[in-house]
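**Q** Got a predicted model here, sequence first, then my questions.
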Amino acid sequence: MVLLAERKNTGANVVFSISNANTLPYSDRYFDAVFHFGGINLFGDTRKAIAEMARVCKIGGRVVFGDESIAPHLRGTEYANIAINNNRLWEAATPMDLLPHDAIDIQLNCVLGNCFYVIGFSIGDGLPYMNIDIKHKGTRGGSARTRYFG
């Protein structure tokens, strides 16, 4: 399919390749956006695959990926049990906990009968910004810094 797509898109500003999702053959911050749908739940190291998508996406760029998974709010319901009995791939957890720490503007959408997820996020520059020195009003007072460090 990749070879067919490449033949049909000659001259377009599109690059097709076949590669390992855990070691993408592109330099850091190469793409404006990265998209993957289907199969990520079957990758050997899903966290590494998501990290690789983030690595090759520019700061401020968007990563979007999705796969099978019953929506978290439906887990344990008869609907979920029927769906999972029909297709064991829907048993996979939605991998929100595998997103990189520089992910910002995160979106989770449950689609197609709430049996598939689509996760999108933008690439930040390090951890999200937080001003830990803003003083809190009220009797406890202090700031995030003084409340944490003392």
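**A** That came through fine. Being a predicted model, the structure only gives us computed values, none of them experimental. Numbering: from 1, shown residues only.
**Q** Checking the spatially most central residue of the chain next. Helix, strand or coil?
**A** Nearest to the mean C-alpha position of the chain, counting by Cα atoms, centre = their mean, stands Ile119 at 4.9 Å. Under DSSP: H, G, I helix; E, B strand; the rest coil, the three-state class of Ile119 is strand.
**Q** How about it: what's its closest non-neighbour residue?
**A** Leu108 (5.5 Å; Cβ to Cβ, 6 or more residues apart in numbering). In short, each C-beta sits where N, CA and C put it, glycine included.
**Q** Could you pull up the residues touching the one you found?
**A** Thr94, Met96, Tyr117, Val118, Ile119 (Cβ atoms under 8 Å, 6 or more residues apart in numbering).
**Q** got it, and Gly142?
**A** Lys135, His136.
**Q** separation between it and Ile134?
**A** 10 Å (Cβ to Cβ, to the nearest Å).
**Q** Give the bridge partners for Gln107, please.
**A** Gln107 has these beta-bridge partners by DSSP bridges: Gly120.
**Q** doesn't Leu99 make contact with it?
**A** No. Between Gln107 and Leu99 there is no contact under Cβ atoms under 8 Å: 11.2 Å.
**Q** Between those two, which has more neighbouring residues?
**A** When Gln107 and Leu99 are compared on other Cβ atoms under 10 Å, the one with more neighbours turns out to be Leu99, at 18 against 11.
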